[in-house]
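*Asks:* I need the structure of the sequence given here:
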Amino acid sequence: MKNKELAQKIKSLRSRKGYSQEELSEKTGLSLRTIQRIENGETEPRGDSLKRLAVAFDVLPDEIVDWTVQENKGFIISLNLSALSFVIFPLLGVLVPLIIWISKKDKIRNLNEIAKDLLNFQITWFIILIVGYIIIAANTASKIEISGFFGANLITSMLVSCMIFTGIMYFFNLIFIIMNTIRIKNEKRLIYYPKIRFLKK
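*Replies:* Model prediction:
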């Protein structure tokens, strides 16, 4: 394993735990200079040093040593396409990509950035969908309140409005997934809009 890859992993684990280099030094009993040399790729932790780092990060030593950043465009494409599960049920467009991302988090180059963009878009899309249904239902309720009439025509009107809205939202989501799958193949930056940044980069 290259020292540079191991250094990147240790930096990532330290950052995830919210430790400074000084705090990691205190928790492991390793000198600050040793921590700096490891993170700069100048040396590779072995034996006792590796065990101390693993304890500090709450992982197994093998999880540190066996980790490498891979190029895997096929996996990223699969992650993006997994969002199509929204067709079965809207929330699946968030849950399925989330599960797939977690399974390979930090192990594939650019995966975290792409997964966060995708998930932020899917969460935003789901919220807009629910809000849209609420607005349609509220609009129907206001018509009932004004007219004092609750009949088949209003129900039919509400259902038609929901179907049209759903069709537009589904088409919008589908287009973005297909477009970004092509962009991944061509190694271009993903474009997902609108998206609220629930998951920060």
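*Asks:* ramachandran angles for residue 31?
*Replies:* phi -70, psi 150 (degrees, to the nearest 10).
*Asks:* contact partners for it?
*Replies:* Counting by Cβ atoms under 8 Å, 6 or more residues apart in numbering, residue 31 touches residue 25. All C-beta atoms are positioned from the backbone trio N, CA, C, and that covers glycine.
*Asks:* after the helix or strand containing residue 62 comes which helix or strand?
*Replies:* If you go by DSSP states H and E, residue 62 is part of helix 61-65. Proceeding C-terminally, helix 61-65 gives way to helix 73-82 as the next helix or strand, assigned by DSSP H and E.
*Asks:* what about the longest helix in this protein?
*Replies:* Determined from DSSP state H, the single longest helix within the chain is helix 111-147.
*Asks:* buried residues of the next helix or strand after that helix, list them for me.
*Replies:* Per DSSP H and E, helix 111-147 leads on to helix 152-185 as the next helix or strand towards the C-terminus. Counting neighbours by 16 or more other Cβ atoms under 10 Å, one finds that the buried residues in helix 152-185 are 158, 161, 165, 169, 173, 176-177, 180-181, 184.
*Asks:* ditto for stretch 191-201
*Replies:* Residues of stretch 191-201 classed as buried by neighbour count (16+ other Cβ under 10 Å): 192, 195, 199.
*Asks:* ok, so of those residues, who is nearest residue 99?
*Replies:* Nearest to residue 99, judged by Cβ to Cβ, of the buried residues of stretch 191-201 is residue 199 at 14.4 Å.
*Asks:* if you skip the residues just before and after it, what's nearest to the closest one?
*Replies:* Beyond its immediate neighbours in the sequence, the residue positioned closest to residue 199 (Cβ to Cβ, 6 or more residues apart in numbering) is residue 116, lying 4.3 Å away.
*Asks:* again with residue 187
*Replies:* residue 73 (7.8 Å).
*Asks:* could you say what helices and strands the helix or strand hosting residue 99 packs with?
*Replies:* Following DSSP H and E, one finds residue 99 within helix 92-104. Applying 3 or more Cβ pairs under 8 Å, 6 or more residues apart in numbering; DSSP states H and E, we find helix 92-104 packed against helix 73-82, helix 111-147.
*Asks:* give the buried residues for the longest one.
*Replies:* Spelled out, that is helix 111-147. Within helix 111-147, judged by 16+ other Cβ under 10 Å, the buried ones are 111-112, 114-126, 129, 132-133, 136, 140.
*Asks:* shaky segments in this structure?
*Replies:* Low-confidence segments of the chain, defined by pLDDT under 70, are located at 1-3, 65-71, 106, 145-151, 201.
*Asks:* pop the domain breakdown of this structure in here.
*Replies:* For the chain, the domain assignment from automatic domain parsing gives the residue ranges 3-65, 73-185.
*Asks:* now do the first one: distance to the chain's middle.
*Replies:* Offset of domain 3-65 from its chain centre (Cα atoms, centre = their mean, to the nearest Å): 25 Å.
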